[in-house]
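1. Sequence plus predicted model, see below.
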There are 2 protein chains.
Amino acid sequence: MDGKGGGLKPMDSEQLREYGHQMVDFIADYYKNIENYPVLSQVEPGYLVKLLPDAAPNQPESLQSVLDDVRSKIIPGVTHWQSPNFHAYYPANSSVAGFLGEMLSAGPGGGVIQGTASEAILVVLLAARDKTLREAGKSALGKLVVYGSDQTHFALQKACQIAGIHPENCRLLKTDSSTNYALPPEIVSEAISHDISIGLIPFFLCGTVGTTSSGTVDPLYSLAKIAKSNGIWFHVDAAYAGSACICPEYRKYLDGVEEADSFNMNAHKWFLTNFDCSTLWVKDRNALIQSLSTNSEFLKHKASQANLVVDYKDWQIPLGRRFRSLKLWMVLRLYGVENLQNYLRNHIKLARYFEECVGQDPRFEIVAPPKFALVCFRLLPPVDDNEARGSNKLNQELLEAVNSTGRVFISHTVLSGMYILRFVVGAPLTKRRHVDAAWKVLQDEACTLLGSPLQENG
Amino acid sequence: MDGKGGGLKPMDSEQLREYGHQMVDFIADYYKNIENYPVLSQVEPGYLVKLLPDAAPNQPESLQSVLDDVRSKIIPGVTHWQSPNFHAYYPANSSVAGFLGEMLSAGPGGGVIQGTASEAILVVLLAARDKTLREAGKSALGKLVVYGSDQTHFALQKACQIAGIHPENCRLLKTDSSTNYALPPEIVSEAISHDISIGLIPFFLCGTVGTTSSGTVDPLYSLAKIAKSNGIWFHVDAAYAGSACICPEYRKYLDGVEEADSFNMNAHKWFLTNFDCSTLWVKDRNALIQSLSTNSEFLKHKASQANLVVDYKDWQIPLGRRFRSLKLWMVLRLYGVENLQNYLRNHIKLARYFEECVGQDPRFEIVAPPKFALVCFRLLPPVDDNEARGSNKLNQELLEAVNSTGRVFISHTVLSGMYILRFVVGAPLTKRRHVDAAWKVLQDEACTLLGSPLQENG
């Protein structure tokens, strides 16, 4: 494959060096200018189809023309998750160290980590399902019951669909503001007792440290106790907030995790590790392996036959694996624990600062006590307005107005029927001035919506 | 997070530039020297545990010390899949273009492609399962039957385990040398008729283009016809050989695929795209979405509500996705179709050359007609030796002797109880001299095993 005119070879160390340096400069320039882009993409869905050719070119194109297209066609459709003005969902950090690890891992293979929390929850649910069915018999599948709260990530529901758990046996128990949307243990106990009394088989309970909507922490210790006394698999999903627990002052949120059967944390969320990298821990690895192992002659070798190696294909859905541990390892080594703790603390401090700003403006209210680096809040309807419906519409309009400026990107949720805005501090580049600017956009758009100038208060 | 002594920042465009250039040089040097490493790792399983510290460092370490560790501790445990001496399994290509795409995709997010063939087969099996159960009722799960051959990739069996298909309803129909290990349509017909007659529900058939063991192609057109007349989902797994079908002269192996319900090809195998990247096509996307969709308030937005966008989270297991399409796109653009075709043809030509070498040495025999860039062969036992058992042991010993030299890495399979060696040409750097060298190692080790010098023949 000798490209005409000195084209790119499949693998050539000197070309890799030359183009690799060009790509590094391209990417570094992107990050240098990241604040100049609208943080939320401003294009219409489907815009890209019109800009792309119908077929692949017969002859090679130059790297330059590809990069020109990335610049002019791709980047306009990108929402800039690493922008300091990104405050939506939860963060999905990239970092210099994570990037270097990703670059390096593009070579040799290996690894141990799941891709995402969805996959982590699916594999432990399968392990628990099959463990239960080995005792109850395969025909008992229709009787199996799963427990979580209405705040549990929808990955649980999806895992149930995949595993063949009947949708009506997936209990997403109702939470409310009286427990700040944490799962009350007594509700779980009651549900389990009732299900047993009608002949069903409870087998899986999911608790969350840092729910998606409001960062709530479920009472792990009490939930673990209930699970244990009923012989139920207890999983703890700490996808987002697990990172914060590397700080001693937040370690308490994990109290009780020692009683759990499994635990996952997403290093790609708030731990400076490029996507994807979800760490999963299980107490009984045999349960997992019994569910997911397969044998194939073409993969047998001396070490696997002699059980000298841990065969991670039997811990996950796919056979192949990327070398994800490498980038996490580089993050740990190149930053060190103290810097990582301070990185997280700084985000939490900035979130507290945003909370203060909101608290000082009487037109807004904080909803649910802020946890970690997430603040849930809403714009209150004017006094002459008549009800929750008006408030929801108002906040939906505020969200759209704010995000369409391209200067900030926040997201929303619904708690007890109330439409709520979510402000997360989690991007690597976010500083106090970015929080100030975001709050200014929110205030300005609120003024426009309410049709009245900002009143100085507090 | 200002590291002491000018440490690495979470994200800083000038640090990314500086360290990125260092990393590019490190990786380019690795590829420059790749032939100097033993292609198959020579360390003992578990060696790395002893070399690693028990905890992450509190203070940052330098990139230099990390790279030193990669060099001295990690690389010795790596099997070099990109080495020109790698002829095992099937290839898992990296390339300059794919690498550049991987580097670039380490930034912004998006994407459409599955990670691996295992995930592709799982999601279509779930779609077919749920489509059938919507008609037959959820309680019919225990009656569902899946069909493949004993040559189908074990991903099908694993997908069945996950989806709750009873293991005894997973029919891996026996093949033999009379069809060169292709699945005979009449055997499939008979199995389906019998299962229907005893009240079971056939719902899924998997055909393969390029089986893992011997590169066999199942008769797609006949299988599709059977599937259609029985209302069964027909999936075609072309994970490996799908790549070759971009050459007109190999297109014929896909005849009948137009009747399939789904099809997958792994761009990360033999198509110069860094792992992972498995392209999946489905005829009825609604079946997939009905199986895998979930709704969550926090993800709702105008475009998704108005069906303006394709929401790929409903086509796959995880919620998050890596920007895999970017690297495939760069491979297509930076090489162009002609060069890609020639790249594949050159591998196939080198495999034919290896086949000739084997054919000229009477101590060896070719097993099953070679397909694509795979040659299945074995060392014949000496005439005074007495049977298959001896032959299997002999070839197992030859495999171990050859691979333990570190100069070549090949793999094996078992067909009709016969232990067989597999030689694949698929690494980007492999040239004729690497095939010559591999064949020399095989001949030398055969001499040692047989206790007699090489006889010149042919």
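-> Yes, it's here.
2. If we go by neighbour counts, what in stretch A:327-340 is buried?
-> A:327-337, A:339-340 (16 or more other Cβ atoms under 10 Å in any protein chain shown). Every C-beta, even on glycine, is put in place using the N, C-alpha and C of the backbone.
3. show me the contacts for the residue in the stretch 151-300 of chain A positioned nearest to chain B.
-> Ranked by Cβ to the nearest Cβ, the top residue of the stretch 151-300 of chain A for proximity to chain B is A:Gly164, at 3.8 Å. Listed by Cβ atoms under 8 Å, 6 or more residues apart in numbering or on different chains, the contact partners of A:Gly164 are A:Leu141, B:Arg129, B:Leu141, B:Ala163, B:Gly164.
4. how about 6 Å then?
-> Residues near A:Gly164 by Cβ atoms under 6 Å, 6 or more residues apart in numbering or on different chains: A:Leu141, B:Gly164.
5. Tell me how far the nearest residue to A:Lys313 once chain neighbours are set aside lies from B:Phe323.
-> Closest residue in space to A:Lys313, ignoring its immediate chain neighbours: A:Leu319 at 5.1 Å, by Cβ to Cβ, 6 or more residues apart in numbering or on different chains. Separation of A:Leu319 from B:Phe323 (Cβ to Cβ, to the nearest Å) stands at 22 Å.
6. Same drill for the two, tell me which one is more crowded.
-> Comparing A:Leu319 with B:Phe323 by neighbour count (other Cβ atoms under 10 Å in any protein chain shown), the higher total belongs to B:Phe323, at 22 against 19.
7. Which pLDDT value goes with A:Asn33?
-> Note on A:Asn33: pLDDT of 87.
8. Can you tell me how far it is from A:Ile27?
-> For A:Asn33, the distance to A:Ile27 - Cβ to Cβ - is 11 Å.
9. Likewise for A:Phe271?
-> Counting by Cβ to Cβ, the gap from A:Phe271 to A:Ile27 is 21 Å.
10. Can you pick out the residue with more neighbours from the two?
-> A side-by-side neighbour count of A:Phe271 and A:Ile27, using other Cβ under 10 Å, places A:Phe271 first with 25 against 20.
11. ok, that one touching A:Ser243?
-> Yes: using Cβ atoms under 6 Å, A:Phe271 is in contact with A:Ser243, at 4.6 Å.
12. for the residue in the stretch 351-458 of chain A positioned nearest to chain B, helix, strand, or coil?
-> With Cβ to the nearest Cβ, the shortest gap between the stretch 351-458 of chain A and chain B falls at A:Pro428, namely 3.6 Å. With DSSP: H, G, I helix; E, B strand; the rest coil as the basis, A:Pro428 sits in coil.
13. ok, now A:Arg322?
-> Assigned by three-state DSSP, the conformation of A:Arg322 is coil.
14. what stretches of chain A score poorly on pLDDT?
-> A:1-11, A:88-112, A:296, A:298-309, A:326, A:330, A:384-389, A:452-458 (pLDDT under 70).
15. biggest helix in it by residues?
-> Longest helix in chain A by number of residues (criterion: DSSP state H): helix A:337-359.
16. and the next element down the chain from it?
-> strand A:364-366 (DSSP states H and E).
17. Give me the buried positions along that following strand.
-> Within strand A:364-366, the residues scored as buried using 16+ other Cβ under 10 Å are A:Phe364.
18. Stretch A:161-177 too?
-> Quick answer for stretch A:161-177 (16+ other Cβ under 10 Å): A:Gln161, A:Ile162, A:Ala163, A:Gly164, A:Ile165, A:His166, A:Asn169, A:Cys170, A:Arg171, A:Leu172, A:Leu173, A:Thr175.
19. In PDB, could you pull the C-alpha coordinates for that stretch?
-> C-alpha atoms of stretch A:161-177 as PDB (Å, rounded to 0.1, in the frame of the first residue of the first chain):
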ATOM      1  CA  GLN A 161     -35.300  -5.100  30.100                       C
ATOM      2  CA  ILE A 162     -32.200  -6.800  28.700                       C
ATOM      3  CA  ALA A 163     -32.100  -9.400  31.500                       C
ATOM      4  CA  GLY A 164     -35.800 -10.400  30.900                       C
ATOM      5  CA  ILE A 165     -37.100  -9.100  34.200                       C
ATOM      6  CA  HIS A 166     -40.800  -8.400  33.800                       C
ATOM      7  CA  PRO A 167     -41.300  -4.600  33.700                       C
ATOM      8  CA  GLU A 168     -44.000  -4.900  36.300                       C
ATOM      9  CA  ASN A 169     -41.500  -6.500  38.700                       C
ATOM     10  CA  CYS A 170     -39.100  -3.500  38.500                       C
ATOM     11  CA  ARG A 171     -40.000  -1.500  41.600                       C
ATOM     12  CA  LEU A 172     -38.900   2.100  41.400                       C
ATOM     13  CA  LEU A 173     -40.100   3.200  44.800                       C
ATOM     14  CA  LYS A 174     -41.400   6.700  45.200                       C
ATOM     15  CA  THR A 175     -39.300   9.300  47.000                       C
ATOM     16  CA  ASP A 176     -40.200  12.900  48.100                       C
ATOM     17  CA  SER A 177     -38.800  16.000  49.700                       C
END
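20. what's the offset of that stretch from the middle of its chain?
-> Chain-centre distance of stretch A:161-177: 20 Å, with Cα atoms, centre = their mean, to the nearest Å.
21. Quick one: list the elements packing against the longest helix of chain A.
-> strand A:374-379, helix A:432-450 (3 or more Cβ pairs under 6 Å, 6 or more residues apart in numbering or on different chains; DSSP states H and E).
22. Could you dump the ones you listed into JSON lines with distance to chain B and mean neighbour count added?
-> Converted to JSON lines, the helices and strands packed on helix A:337-359 look like this (distance: least, Cβ to the nearest Cβ, whole Å; neighbours: other Cβ atoms under 10 Å in any protein chain shown):
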{"stretch": "strand A:374-379", "distance to chain B": "11", "mean neighbour count": "26"}
{"stretch": "helix A:432-450", "distance to chain B": "13", "mean neighbour count": "17"}
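23. do you know which of the ones you listed lies nearest A:Asp150?
-> Nearest to A:Asp150 among these is strand A:374-379; the distance by Cβ to Cβ comes to 15.5 Å.
24. A:Pro53 belongs to a helix?
-> No: using three-state DSSP, the assignment for A:Pro53 is coil, not a helix.
25. Pull out the buried residues from stretch A:188-205.
-> Buried, per 16+ other Cβ under 10 Å, within stretch A:188-205: A:Val188, A:Ser189, A:Ala191, A:Ile192, A:Asp195, A:Leu200, A:Ile201, A:Pro202, A:Phe203, A:Phe204, A:Leu205.
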